[in-house]
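Asks: Mind folding the following:
(one chain, ligands or ions: 1)
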Amino acid sequence: MANDASAVSDAPSSAVSNSPLADPFSPPADSSLWRKNFLLGAATASYQIEGAVDEDGRLPSIWDTFSATPGKVLAGDTGAVACDHYHRWEADIDMLASLGLEGYRLSIAWPRVMDAAGRPNRKGLDFYKRLLNRLKEKGITSFVTLYHWDLPQHLEDRGGWLNRDTAYRFADYADLMSRELAGTVDAWATLNEPWCSAYLGYGNGHHAPGLANDRFATQAMHHLLLAHGLAIPVLRGNDPASQKGIVANIGRGTANSDSAADQRAAHLFEVQHNAWILDPLLKGEYPLDLFELWPGTEPLVLDGDMQTIAAPLDFLGINYYFRTNVASDGAHGFRDVPLEGVERTQMGWEVYPDGLRDLLTGFKKTYRNLPPIYITENGMASDDKVIDGHVDDAQRISFLKRHLAAVDQAIKAGVDVRGYFLWSLMDNFEWAFGYERRFGVVHVDYSTQKRTVKRSAELVAKFLKERKAKV
Ligand code: IFM
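Replies: This next block holds a predicted model:
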């Protein structure tokens, strides 16, 4: 097991150095990234970093159950200790601040802050209050996600997202959090990546709770989106000064050939990955093509649900990682056709920055009410090693530079993108892949919990310093 927090952690091993290496990161002079109001930050999520799963009254989540089930997570890893952030949060926030990052996107663990009867858990709430107050003291903008996949297990035991009642329990949770934390949060996101919760959790079983049925996926998605729609007015009522939104992962699908069948397959891929979530949120309807792909899976929708789901948003969070090349499956769907000779990351995902630009400009055309956008996650995993106290993550530096250039192109094409969060601040528990896949701009040695700032983070910090100094 690659996880032992018993050893004492050191401060991060590397301050921002004046390395003699040429700077391979800095954006061109005309890039919108030089605008001081373009927020540049980093993101994490509760189950991936906190650990302390049994402490201070935290209840079990579906990820505790799933990761404890043999064969579900690589190497049997779990989030029991993770980055031990629950105990090391002060040093972690100091590290974030020392890098000059202006924004921090975190999530709250629902099972840490509420008991099964819906009563507040003071100790859990105090953890987030301390953290958010510290961010405020440091002048760091906080983006708080209410649900980044760690559903309380007692709710899953009553059907989880297949049970409509979970949406109402989520609204209660949003109510409690926004009453308790009002004034300390700059932006609330209801859900992170409902596609993953619904499809990976209930459609193909790769994520908790591990169910596999397309009909379950569409019903779970409906209840997730309903939960979002019920929570938005609650957040507005309790914390009017903050921004309210949701975070969606989006996927670029390209056709393997010019044939009409492959073009249709690519279209259906994007319907399944993007329109399934964005159409209900921004048009108040599900895309009919989804049910061509998955016939007979229409969810049960009650009167008024679609209006609730389409509640106006202050921002849309977009998470982007890669594209998928697809061909027709010969029936009504698509199949992946991995391209040869393209650059890939440790996840096997293709590095394809143009996909981010193309999706953003496409959404602007499709949705006349597209809200201001924050790229709430972008980054890559690599098998990073600490050598002589340093981590030279050259592929990540190049990846970030190219994706930020794609964001700049989208801005120049008229898309209102207001910020970008690196995924992730530090290496962490990468769900079904455990600790093997390293997404951080800070390396974590899980045997000692030592943090080592990678070269990518040094260069982002250098850029932010230069930007700040500009008149
Ligand atoms: O680690 C995840 C994160 O929790 C959600 N978005 C994708 C990341 C990389 O897989």
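Asks: Pull up the residues of this protein that are close to the ligand.
Replies: Ala45, Gln48, Glu193, Asn249, Asn319, Glu377, Trp423, Glu430, Phe439 (CB under 6 Å from any ligand atom). C-beta coordinates here come from the backbone N, C-alpha and C atoms, glycine included.
Asks: my guess is Pro287 meets Asp279, correct?
Replies: Yes. Using CB atoms under 8 Å, Pro287 makes contact with Asp279 at a distance of 4.8 Å.
Asks: still on that earlier bit, selecting buried members of the residues of the chain next to the ligand in ChimeraX, what would you type?
Replies: Buried residues within those, by 16 or more other CB atoms under 10 Å, are selected in ChimeraX with:
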select :45,48,193,249,319,377,423,430,439
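Asks: Of the residues of the chain next to the ligand, which is the nearest to Arg122?
Replies: Taking CB to CB as the measure, Arg122 lies nearest Ala45 of the residues of the chain next to the ligand, at 22.7 Å.
Asks: if I look at that closest one, how far off is Glu298?
Replies: 31 Å (CB to CB, to the nearest Å).
Asks: now Ala327
Replies: Ala327 is 26 Å from Glu298, by CB to CB.
Asks: Turn the residues of the chain next to the ligand into CSV, including secondary structure and pLDDT.
Replies: CSV is the format used below for the residues of the chain next to the ligand (DSSP: H, G, I helix; E, B strand; the rest coil; pLDDT from 0 to 100):
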residue, secondary structure, pLDDT
Ala45, coil, 99
Gln48, helix, 99
Glu193, coil, 98
Asn249, strand, 98
Asn319, strand, 98
Glu377, strand, 99
Trp423, strand, 99
Glu430, coil, 98
Phe439, coil, 99
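Asks: shared neighbours of Pro287 and Asp279, anything?
Replies: Residues touching both Pro287 and Asp279 (CB atoms under 8 Å, 6 or more residues apart in numbering): none.
Asks: Counting neighbours, show which residues of the helix ranked longest in the chain come out buried.
Replies: With DSSP state H setting the assignment, residue counts place helix 214-238 as the longest helix in the chain. The neighbour-count check on helix 214-238 (16+ other CB under 10 Å) flags 214, 216-232, 234-236, 238 as buried.
Asks: Stretch 463-471 too?
Replies: Phe463, Leu464, Arg467.
Asks: would you say the first one is within a strand?
Replies: So that's Phe463. No. Phe463 sits outside any strand when classified using DSSP: H, G, I helix; E, B strand; the rest coil, being helix.
Asks: Excluding sequence neighbours, find me the nearest residue to it.
Replies: Spatial nearest neighbour of Phe463, chain neighbours left out: Ser26 (5.6 Å); criterion: CB to CB, 6 or more residues apart in numbering.
Asks: How many neighbouring residues does that neighbour have?
Replies: By other CB atoms under 10 Å, 17 other residues sit near Ser26.
Asks: wait, doesn't it sit right on Leu464?
Replies: No. The pair Ser26 / Leu464 is not scored as a contact, 10.8 Å apart, by CB under 8 Å.
Asks: Show the model's pLDDT score for the residue nearest to Phe463.
Replies: Looking at Ser26, its pLDDT is 90.
Asks: what do you get for Tyr367?
Replies: Model confidence at Tyr367 (pLDDT) stands at 98.
Asks: Neighbours of it, how many?
Replies: 16.
Asks: Could you pull up the contacting residues of it?
Replies: Listed by CB under 8 Å, 6+ apart, the contact partners of Tyr367 are Leu278, Leu282, Lys283.
Asks: And for the closest residue to Pro338 other than its chain neighbours, the neighbour number?
Replies: Spatial nearest neighbour of Pro338, excluding adjacent residues (CB to CB, 6+ apart): Asn325 at 6.8 Å. When neighbours are counted by other CB under 10 Å, Asn325 registers 21.
Asks: How much space separates Asn325 from Val342?
Replies: 9 Å.
Asks: Find residues that contact each of the two.
Replies: If you check Asn325 and Val342 against CB under 8 Å, 6+ apart, the residues they both contact are Glu350.
Asks: Enumerate the positions of the helix or strand harbouring Arg179 that are buried.
Replies: Element membership of Arg179 [criterion: DSSP states H and E] is helix 165-181. For helix 165-181, a neighbour-count test (16+ other CB under 10 Å) marks 166-167, 169-171, 173-178, 180-181 as buried.
Asks: Repeat that for stretch 294-303.
Replies: In stretch 294-303, counting by 16+ other CB under 10 Å, buried: Trp294, Thr297, Pro299.
Asks: In TSV: these, plus distance to Ala116.
Replies: Output for those, formatted as TSV (distance: CB to CB, whole Å):
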residue	distance to Ala116
Trp294	34
Thr297	31
Pro299	27
